[in-house]
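Colleague: Just the structure for this:
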Amino acid sequence: MKIAIIGAEVKSIPAVEGGAVETIVDTFLTHNEKTTQHEITVYAKFNERAAKKISMFRYAQGCYVKVRPIGFFSKAARKLGVLDYRKKYIGRIIKRMNGKTYDWILIENRPEFVIPIRKAFPSAKIAVHVHNTYLSVKTRKAKDILDAADRIITVSDFIADGIKKINQRDAWKVKTLINRIDINTFKPKTKRHDLLEKYRIHAETLTVVTHGRIVKDKGILEAIQAIKKAGRQYNHLKLMVIGDLNSANLIYKRMIQKEVKDARIGSIVFTGYVDHDQVPDYLNLADIIILPSIWDEPCALTILESLSVGKPVITTNTGGTPEIVSHGSGILVNADTQLVDRLASRIVYLAKHREVRQIYAEKARNFAVRHLDDKIFFTDFLGRLEG
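Modeller: Reported below is the predicted structural model:
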């Protein structure tokens with residue numbers, strides 16, 4: 001089978017610049033090499049390291065386009081409709097695709113690309129892999145997009161249900177396949193001694209970890225507020241934030257810094273940027289992991305990774321998260337005005353009950369082994385396309 005995968009315009013593929021969507025495509029490419037061995041062409045934003053990395057694949061090749069970086073003016077212009085940045089990007093992709101035929105054209109998380117792709121390739125089979133709420137009844141030309149696509153694969157029923165509301169006639173096109181991860185990379189490990197020393201984690205320390213982009217939607221501020229409140233009831237708590245505070249926007253960064261300034265010295269630490277291949281070692285420092293997203297998280301890789309390392313996970317009852325954190329694999333709290341209090345109380349409870357932490361840890365790992373193994377992810381994905 002010949003497959004074209006079209007990436008978004010923000011980050012390249014393979015995922016040398018990070019990115020959850022791009023990481024998922026990496027999983028497809030890796031397992032295609034080992035098992036299915038289809039001919040895959042990746043169309044993506046140019047990145048020299050990505051081009052070099054994909055050259056190491058036997059059954060995949062890269063076809064890259066250069067796009068001008070988006071400065072402040074360009075962003076403003078795009079919002080005003082003066083400059084449609086994505087339209088220029090997909091236009092260049094289409095030029096590179098001309099004269100080629102594929103059994104499937106797979107668009108990653110850019111539903112609006114369906115219409116120009118359909119216009120350029122009228123007889124092609126087109127699928128969209130939707131990772132968030134970019135396609136819904138509120139999306140411009142939503143009915144036309146759904147009509148033009150042959151298949152929509154979503155990462156959660158939460159996303160799928162929203163798309164089906166666009167037009168019930170085309171609801172049959174929509175299939176769900178939750179994300180997967182490498183459970184042999186994200187697995188329980190002994191805590192690294194050098195990291196324990198670096199972050200001054202002592203025998204009596206109970207370490208709470210949160211990770212993900214440092215943006216408002218991820219609830220980092222609420223995590224800090226919760227750990228401060230919980231610390232009044234349980235000594236020796238430490239919050240480790242895996243991420244670079246300098247990547248946050250200035251206003252949010254200042255809000256976080258103000259909260260940290262008022263906290264007990266050493267009780268909150270930021271790791272700075274951590275390479276993805278090092279994240280499992282950092283997650284294994286945790287006694288508890290909290291992921292208090294305050295938006296409708298579709299199917300967060302951070303949650304999957306946290307469950308897979310076998311840690312008790314506290315997260316929010318939003319979006320597609322209940323589809324993952326269920327049957328006792330973690331603790332769900334409502335993301336309402338009482339979120340900080342709810343987080344703090346769950347942290348204190350788990351901190352005081354080691355045996356309960358162990359139960360959640362075992363259930364989390366067992367869930368990951370049964371449902372999150374990425375070994376047959378691409379095979380299952382292709383099954384959704386053809387089924």
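Colleague: how about the top helix by length along the chain: buried residues?
Modeller: Criterion DSSP state H: the longest helix present in the chain is helix 354-371. The neighbour-count check on helix 354-371 (16 or more other Cβ atoms under 10 Å) flags R357, Y360, A361, K363, A364, R365, F367, A368 as buried. Backbone N, C-alpha and C define where each C-beta goes, glycine included.
Colleague: quick one: contacts of it?
Modeller: With contacts defined as Cβ atoms under 8 Å, 6 or more residues apart in numbering, helix 354-371 is touched by 178, 181, 183, 186-188, 287-288, 304, 306-313, 327-331, 349-350.
Colleague: likewise stretch 55-64?
Modeller: Defining contact as Cβ under 8 Å, 6+ apart, one finds that stretch 55-64 is touched by 12-13, 29, 32-33, 37-47, 50-51, 54, 96-97.
Colleague: Of these, which qualify as buried by neighbour count?
Modeller: For the contacts of stretch 55-64, a burial check counting by 16+ other Cβ under 10 Å picks out 12-13, 29, 32, 38, 40-45, 47, 50-51, 54, 97.
Colleague: What are the phi and psi values at K53?
Modeller: phi -70, psi -40 (degrees, to the nearest 10).
Colleague: next one: A300
Modeller: When read as degrees, to the nearest 10, the backbone of A300 gives phi -70, psi 130.
Colleague: Equivalent analysis for V269, please.
Modeller: The phi and psi values for V269, taken as degrees, to the nearest 10, are phi -130, psi 140.
Colleague: Can you tell me who it pairs with across the strands?
Modeller: M240 (DSSP bridges).
Colleague: Do you know the pLDDT at it?
Modeller: pLDDT recorded at V269 is 96.
Colleague: What's the end-to-end length of stretch 98-116?
Modeller: Start-to-end span of stretch 98-116 (Cα to Cα, to the nearest Å) is 13 Å.
Colleague: Quick check: buried residues in it?
Modeller: For stretch 98-116, burial by neighbour count (16+ other Cβ under 10 Å) applies to 102, 104-116.
Colleague: hang on, V309 packs against T185?
Modeller: No. Taking contacts as Cβ atoms under 8 Å, V309 lies outside contact range of T185: 9.6 Å.
Colleague: list residues touching both of those two?
Modeller: By Cβ under 8 Å, 6+ apart, V309 and T185 have these common neighbours: P280.
Colleague: Would you mind telling me which of the two has more residues around it?
Modeller: The residue with more neighbours, out of V309 and T185, is V309; 27 against 14, by other Cβ atoms under 10 Å.
Colleague: ranges for the helices of the stretch 251-387 of the chain?
Modeller: Assigned by DSSP state H, counting those that start in this stretch, the helices in the stretch 251-387 of the chain fall at 279-283, 301-308, 321-324, 339-352, 354-371, 377-386.
Colleague: got those helices as a markdown table, with distance to D161 columns?
Modeller: Below are the helices of the stretch 251-387 of the chain laid out as a markdown table (distance: least, Cβ to Cβ, whole Å):
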| stretch | distance to D161 |
| --- | --- |
| helix 279-283 | 31 |
| helix 301-308 | 19 |
| helix 321-324 | 11 |
| helix 339-352 | 24 |
| helix 354-371 | 20 |
| helix 377-386 | 16 |
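Colleague: I'd like to know which of those helices lies nearest to V130.
Modeller: Of all the helices of the stretch 251-387 of the chain, the one in closest proximity to V130, counting by Cβ to Cβ, is helix 377-386 (12.1 Å).
Colleague: what packs against that closest one?
Modeller: Helix 377-386 is packed against helix 20-31, strand 151-154, with contacts defined by 3 or more Cβ pairs under 8 Å, 6 or more residues apart in numbering; DSSP states H and E.
Colleague: a markdown table for these, including mean pLDDT and distance to N235?
Modeller: As requested, these are exported to a markdown table (pLDDT from 0 to 100; distance: least, Cβ to Cβ, whole Å):
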| stretch | mean pLDDT | distance to N235 |
| --- | --- | --- |
| helix 20-31 | 94 | 36 |
| strand 151-154 | 98 | 44 |
